[in-house]
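In: After the sequence you'll find the predicted model.
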Number of protein chains: 2
Amino acid sequence: MKNIILVGSGNVAAHLGIALQNYNYKIVQVYSRSIENAKKLAQKLNTNFTNDLTQLKTADLIIVSVNDDAISTVLSKLKNTAIVHTSGSIGMDIFEPNFSDFGVFYPLQTFNKDIELTISEIPFCIEGNSKAFEKRLVEIAKNLSSNVITMNSAQRKQLHIAAVFACNFSNQMFSIADDLLVEKDIDFKILLPLIKQTIAKLNTNKPEAVQTGPAKRKDIKMIQEHINLIQQEDIKELYQKISDSIIKTHE
Amino acid sequence: MKNIILVGSGNVAAHLGIALQNYNYKIVQVYSRSIENAKKLAQKLNTNFTNDLTQLKTADLIIVSVNDDAISTVLSKLKNTAIVHTSGSIGMDIFEPNFSDFGVFYPLQTFNKDIELTISEIPFCIEGNSKAFEKRLVEIAKNLSSNVITMNSAQRKQLHIAAVFACNFSNQMFSIADDLLVEKDIDFKILLPLIKQTIAKLNTNKPEAVQTGPAKRKDIKMIQEHINLIQQEDIKELYQKISDSIIKTHE
């Protein structure tokens, strides 16, 4: 599995392509619907490019890193070949019945453009339709990362939901905090040490075990005082609902 | 203001006492309701202790670090002296009319027992009842931390609410993620690199600017799929409400 084709030219494809070449895999071709995007990534990787799925070269593996909604359209245009997608939320059934070696190669990360990340620390969640193919995928992933886990599609979907809570929803909590501080002319950066301390605790503790604050202490008086001070109705409601959730967790 | 009395023997009092002695302040006495706790902290600080507020020595400053609910009782037993409390949620009016130099000396942190923290990175929020007294408090805080801000009680209360969102509520998001993963036999630690990446972005970006995920993309189909997969009613509701909040933020 040394020769790889990347289908897609977004953040995941770009990060994977660069990392794979660093580990002596050869990206033989980049496909993108947009010929400009295909060319741009291909130049970075010093390889060929196309915007025509019928013109793909022969390779040991095709990695499909396109939007979830576009995966099935892409697959319908491909010949039988060893193939993976990189989506956390799409199951294995999308490959059936047209492929004999297929799987999922899901890097659990938020890829923002222009924000550097260390691919070796990213967990890779791997699934193959056979033990043999899964083993080959795990080998590739282990070259890229020290954190490789095999999991089935049901586990991966649950992981994706958990990641929405842990990352997107926690980030929304930061965003609401920022809005509250802006109202009173305070810089959000004042919260960073506290946020970093909150995260540092997770290295050695379950989140439940290190919870603090009014809801943890069941300090109903302070919860009500905070809700009274909040101006926006939807933020009042979130304060109440999440406090209820903390109280329930610590019953 | 070299001689300081600590009223209280909890985490905040202990951390402040040690840090102040490191910077050549002298803790002349520790008070706690519990004589054992007073003794324990006093021994750490190599100083005197008491459980009787009428037996306090003379000092340049008393730092009151007791539970919010206990502050007014403590204050009612003290003679007029330069004094501060360390609470984020209690205003300045609690000192009136019995004290002439009073203020707030609020370290913005979650102090868990047995978890180390670097006091020099903790933001200190300072308020004094006069410019002169505030200046003296700022001087003390600047010895302990590179991050000292003066703010009024309304700002401090808002900061406290923001900190509940940024720390307690984000931690609840991690806790819910943990529960979801436990259901499917997946270790929460798999999410740590993703969480750390989410936080790292905040060093140089507003949280709103680095949001990702289904709600940010207004991917209503995936939001509904996730809600259908979640088992608990209250967690379904939180998923919906926080997704709504993200969608509203990014309208």
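Out: Good, I have the coordinates. Residues are numbered from 1 along each chain as shown, chains lettered A, B, ... in the order given.
In: CA atoms for contacts and neighbours, from now on please.
Out: Will do.
In: all strands in chain A, in order from the N-terminus.
Out: A:3-7, A:26-31, A:48-50, A:61-64, A:83-85, A:102-107, A:124-128, A:148-150 (DSSP state E).
In: In JSON lines: those strands, plus mean neighbour count and mean pLDDT.
Out: JSON lines is the format used below for the strands of chain A (neighbours: other Cα atoms under 10 Å in any protein chain shown; pLDDT from 0 to 100):
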{"stretch": "strand A:3-7", "mean neighbour count": "23", "mean pLDDT": "97"}
{"stretch": "strand A:26-31", "mean neighbour count": "24", "mean pLDDT": "97"}
{"stretch": "strand A:48-50", "mean neighbour count": "22", "mean pLDDT": "97"}
{"stretch": "strand A:61-64", "mean neighbour count": "23", "mean pLDDT": "98"}
{"stretch": "strand A:83-85", "mean neighbour count": "24", "mean pLDDT": "98"}
{"stretch": "strand A:102-107", "mean neighbour count": "26", "mean pLDDT": "96"}
{"stretch": "strand A:124-128", "mean neighbour count": "25", "mean pLDDT": "97"}
{"stretch": "strand A:148-150", "mean neighbour count": "19", "mean pLDDT": "95"}
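In: Adding distance to residue B:185, write these out as TSV.
Out: Putting the strands of chain A into TSV (distance: least, Cα to Cα, whole Å) gives the following:
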stretch	distance to residue B:185
strand A:3-7	32
strand A:26-31	35
strand A:48-50	41
strand A:61-64	28
strand A:83-85	23
strand A:102-107	18
strand A:124-128	14
strand A:148-150	12
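In: Turn those strands into a markdown table, columns for distance to chain B.
Out: A markdown table is the format used below for the strands of chain A (distance: least, Cα to the nearest Cα, whole Å):
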| stretch | distance to chain B |
| --- | --- |
| strand A:3-7 | 22 |
| strand A:26-31 | 24 |
| strand A:48-50 | 28 |
| strand A:61-64 | 19 |
| strand A:83-85 | 17 |
| strand A:102-107 | 10 |
| strand A:124-128 | 9 |
| strand A:148-150 | 9 |
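In: and of those, who's closest to residue A:228?
Out: Between residue A:228 and the strands of chain A, the tightest spacing by Cα to Cα is seen for strand A:102-107, at 42.5 Å.
In: Check chain A for its longest helix and report it.
Out: helix A:233-249 (DSSP state H).
In: Kindly export that helix (C-alpha atoms) in CSV.
Out: Taking C-alpha atoms only, helix A:233-249 is exported to CSV below (Å, rounded to 0.1, in the frame of the first residue of the first chain):
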residue,chain,number,x,y,z
GLU,A,233,-33.4,34.9,27.5
ASP,A,234,-31.7,32.0,25.7
ILE,A,235,-28.5,32.4,27.7
LYS,A,236,-30.6,32.4,31.0
GLU,A,237,-32.2,29.2,29.8
LEU,A,238,-28.8,27.6,28.9
TYR,A,239,-27.4,28.6,32.4
GLN,A,240,-30.4,26.9,34.0
LYS,A,241,-30.4,23.7,31.8
ILE,A,242,-26.6,23.1,32.1
SER,A,243,-26.7,23.8,35.9
ASP,A,244,-29.6,21.2,36.1
SER,A,245,-27.4,18.7,34.2
ILE,A,246,-24.5,19.3,36.6
ILE,A,247,-26.7,18.9,39.6
LYS,A,248,-28.1,15.6,38.1
THR,A,249,-24.6,14.3,37.4
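In: beta partners for residue A:49?
Out: Residue A:49 has these beta-bridge partners by DSSP bridges: residue A:30.
In: Please give me every residue in contact with it.
Out: Applying Cα atoms under 8 Å, 6 or more residues apart in numbering or on different chains, we find residue A:49 in contact with A:29, A:30, A:31, A:32, A:35, A:38, A:39, A:42.
In: And the furthest pair within those?
Out: For the contacts of residue A:49, with distances taken as Cα to Cα, the pair at the greatest spread is A:29 and A:35 (12.4 Å).
In: where do the contact lists of these two overlap?
Out: Common contacts of residue A:29 and residue A:35 (Cα under 8 Å, 6+ apart): A:49, A:50.
In: how close does the residue of chain A most remote from its centre get to residue A:231?
Out: For chain A, the C-alpha lying farthest from the average C-alpha position belongs to residue A:221; by Cα atoms, centre = their mean, that distance is 39.1 Å. Distance of residue A:221 to residue A:231, given as Cα to Cα, to the nearest Å: 18 Å.
In: Count the neighbours of the residue lying closest to residue A:23 once chain neighbours are set aside for me.
Out: The shortest distance from residue A:23 to any non-neighbouring residue, by Cα to Cα, 6 or more residues apart in numbering or on different chains, is to residue A:143 (6.6 Å). Applying other Cα atoms under 10 Å in any protein chain shown, we find 16 residues neighbouring residue A:143.
In: doesn't residue A:25 make contact with residue A:143?
Out: No - counting by Cα atoms under 8 Å, residue A:143 stays clear of residue A:25, with 9.9 Å between them.
In: Please enumerate the helices of the stretch 151-251 of chain A.
Out: Shown for the stretch 151-251 of chain A, the helices assigned by DSSP state H, counting those that start in this stretch span residues A:153-163, A:170-183, A:192-200, A:220-229, A:233-249.
In: Save these as JSON lines, and put in distance to residue B:69 and mean pLDDT too.
Out: Output for these, formatted as JSON lines (distance: least, Cα to Cα, whole Å; pLDDT from 0 to 100):
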{"stretch": "helix A:153-163", "distance to residue B:69": "37", "mean pLDDT": "94"}
{"stretch": "helix A:170-183", "distance to residue B:69": "25", "mean pLDDT": "98"}
{"stretch": "helix A:192-200", "distance to residue B:69": "24", "mean pLDDT": "92"}
{"stretch": "helix A:220-229", "distance to residue B:69": "11", "mean pLDDT": "95"}
{"stretch": "helix A:233-249", "distance to residue B:69": "20", "mean pLDDT": "98"}
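In: give the contact list for the residue lying closest to residue A:25 once chain neighbours are set aside.
Out: If the residues on either side of it in the chain are set aside, residue A:25 comes closest to residue A:2, at 5.0 Å by Cα to Cα, 6+ apart. By Cα under 8 Å, 6+ apart, the contact list for residue A:2 reads A:24, A:25, A:26, A:60.
In: redo that, cut-off 10 Å
Out: A:20, A:21, A:23, A:24, A:25, A:26, A:27, A:28, A:59, A:60, A:61, A:140 (Cα atoms under 10 Å, 6 or more residues apart in numbering or on different chains).
In: Now render the residues you listed as JSON lines, adding distance to residue A:10.
Out: Formatted as JSON lines, the contacts of residue A:2 follow (distance: Cα to Cα, whole Å):
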{"residue": "A:20", "distance to residue A:10": "15"}
{"residue": "A:21", "distance to residue A:10": "17"}
{"residue": "A:23", "distance to residue A:10": "20"}
{"residue": "A:24", "distance to residue A:10": "21"}
{"residue": "A:25", "distance to residue A:10": "19"}
{"residue": "A:26", "distance to residue A:10": "18"}
{"residue": "A:27", "distance to residue A:10": "15"}
{"residue": "A:28", "distance to residue A:10": "17"}
{"residue": "A:59", "distance to residue A:10": "20"}
{"residue": "A:60", "distance to residue A:10": "21"}
{"residue": "A:61", "distance to residue A:10": "18"}
{"residue": "A:140", "distance to residue A:10": "20"}
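In: Alright, that wraps it up for me.
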